[in-house]
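Visitor: quick check, what structure comes out for this input:
(one chain, ligands or ions: 2)
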Amino acid sequence: MRTVSIVIPVFNEQDSLSLFLDAARPALADALALIGPGARAEYLFVDDGSTDRTADVLAILSRLNGDVRCITLSRNFGKEAALAAGIDHARGDAVIPIDVDLQDPPAVIVEMVRYWLAGAQVVNARRVDRSTDSWFKRWSARSFYRLLNRLSDYPIPENVGDFRLLDRQAVDVVKQLGEQARFNKGLFSWIGFRVATVDYSRARREAGTTKWRLGKLWSLAVDGITASTTMPLRIWSYIGGGIALLAFAYAAFLVVHTLVTGVDTPGYASIMVAVLGLGGLNLMSLGIIGEYLGRVAREVRQRPLYVIADEQGGGVAAPVPVA
Ligand code: UDP
Ligand code: MG
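Guide: Ligands and ions are numbered 1, 2, ... in the order given. Prediction:
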């Protein structure tokens with residue numbers, strides 16, 4: 001008997017929850033039919049500290065549906081941590097993280113399961129058409145992945161989000177990666193295994209609004225780079241070395257020049273250029289070291305990634321929700 005866990009991080013999504021279940025059920029039915037008799041689905045919602053009625057709706061849904069579970073985090077920890085909580089608690093033989101807003105079409109799950117049954121351990125879902133995203137989001141995502149892949153030691157596929165299928169063996173490896181500054185897309189690629197890819201086109205958000213503000217996306221991007229690469233740290237030794245060489249050559253030239261032609265007007269311009277240029281380089285490299293050091297500090301504290309306030313459904317005794 002095999003179980004497929006659908007892991008859905010949600011943050012202030014009261015209107016999307018039922019819509020999502022209604023849309024996902026038929027797709028899962030098809031997928032389970034492929035797996036064979038006795039296959040089951042588990043919908044694991046992770047309430048990422050929502051401040052609207054999401055928790056109440058989830059409590060009701062998990063009481064009404066035997067296959068719905070929900071975990072409530074004690075505050076908003078962000079999507080990456082919420083997803084980690086879901087992956088830690090999923091019980092399925094295959095785990096599929098998915099967004100609640102139906103931008104990851106559940107129909108793709110059928111294809112994913114087909115590849116899984118054929119032996120793939122990680123099935124990526126790749127967006128072939130992002131025309132529903134804004135121009136800026138597409139441009140920034142493309143530049144980010146180009147930079148990331150140039151710097152990273154292992155390829156992180158572009159246009160593949162968190163939506164993918166992970167086999168139990170892959171999930172168990174992901175669970176061991178106790179990194180604090182999570183960049184799940186990087187971790188999912190890092191683990192390796194037999195990978196297959198399904199293409200799909202990205203839909204519009206069904207209800208509610210996007211929870212990503214520019215600032216949050218930026219910090220995800222910085223986490224993504226610092227979590228997956230060390231190249232930005234190393235590159236400064238090369239740049240510093242190059243500049244030091246140039247400086248030595250210039251100093252030698254100055255000494256000879258002064259000896260030959262005598263002291264001329266003090267070189268205000270060249271000194272300023274050197275001071276400002278090096279000052280800028282220093283600050284930049286300090287900033288980059290700071291990014292990595294900040295990560296080290298966060299890891300050293302060893303705080304848990306998320307805190308669970310409540311758990312309901314799937315055999316956990318549920319308190320009666322106040323309607
Ligand atoms: N989400 C979350 N915690 C957050 C922000 C978002 O769990 O702090 C969830 C959100 O409810 C949704 C998924 O992450 O299920 C993707 O969010 P959204 O659709 O807002 O992102 P976008 O599709 O715009 O990248
Ligand atoms: Mg979305």
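Visitor: tell me which element the nearest residue to residue 51 once chain neighbours are set aside falls in.
Guide: If the residues on either side of it in the chain are set aside, residue 51 comes closest to residue 12, at 6.2 Å by CB to CB, 6 or more residues apart in numbering. Yep, even glycine has a C-beta here, placed from its N, CA and C like the rest. Residue 12 belongs to no helix or strand when assigned by DSSP states H and E.
Visitor: and residue 12, what pLDDT?
Guide: Looking at residue 12, its pLDDT reads 92.
Visitor: same check, this time on residue 321
Guide: Note for residue 321: predicted pLDDT of 50.
Visitor: equivalent analysis for residue 28, please.
Guide: Looking at residue 28, its pLDDT is 92.
Visitor: equivalent analysis for the one 4 residues further on, please.
Guide: On pLDDT, residue 32 comes in at 90.
Visitor: what does residue 200 give?
Guide: In this model, residue 200 carries a pLDDT of 85.
Visitor: skip the chain neighbours and tell me the closest residue to it.
Guide: Nearest to residue 200 is residue 108, by CB to CB, 6+ apart, at 4.7 Å.
Visitor: contacting residues for the one you found?
Guide: Contacts for residue 108 were tallied using CB atoms under 8 Å, 6 or more residues apart in numbering; they are 27, 125, 163, 198, 200.
Visitor: can you check residue 74 too?
Guide: Residue 74 makes contact with 49, 307, 308, 309 under the criterion CB under 8 Å, 6+ apart.
Visitor: repeat the analysis, applying 7 Å as the threshold.
Guide: By CB atoms under 7 Å, 6 or more residues apart in numbering, residue 74 lies in contact with 49, 307, 309.
Visitor: which parts of the helix or strand harbouring residue 243 are buried?
Guide: Secondary structure assignment for residue 243, by DSSP H and E: helix 231-261. Neighbour-count burial for helix 231-261 flags 232, 236 (criterion: 16 or more other CB atoms under 10 Å).
Visitor: what's the first helix or strand after it?
Guide: By DSSP H and E, the next helix or strand past helix 231-261 is helix 268-301.
Visitor: pLDDT of the following helix or strand past that next one, averaged?
Guide: Heading C-terminal from helix 268-301, the first helix or strand you meet, by DSSP H and E, is strand 308-312. The average of the pLDDT scores along strand 308-312 is 85.
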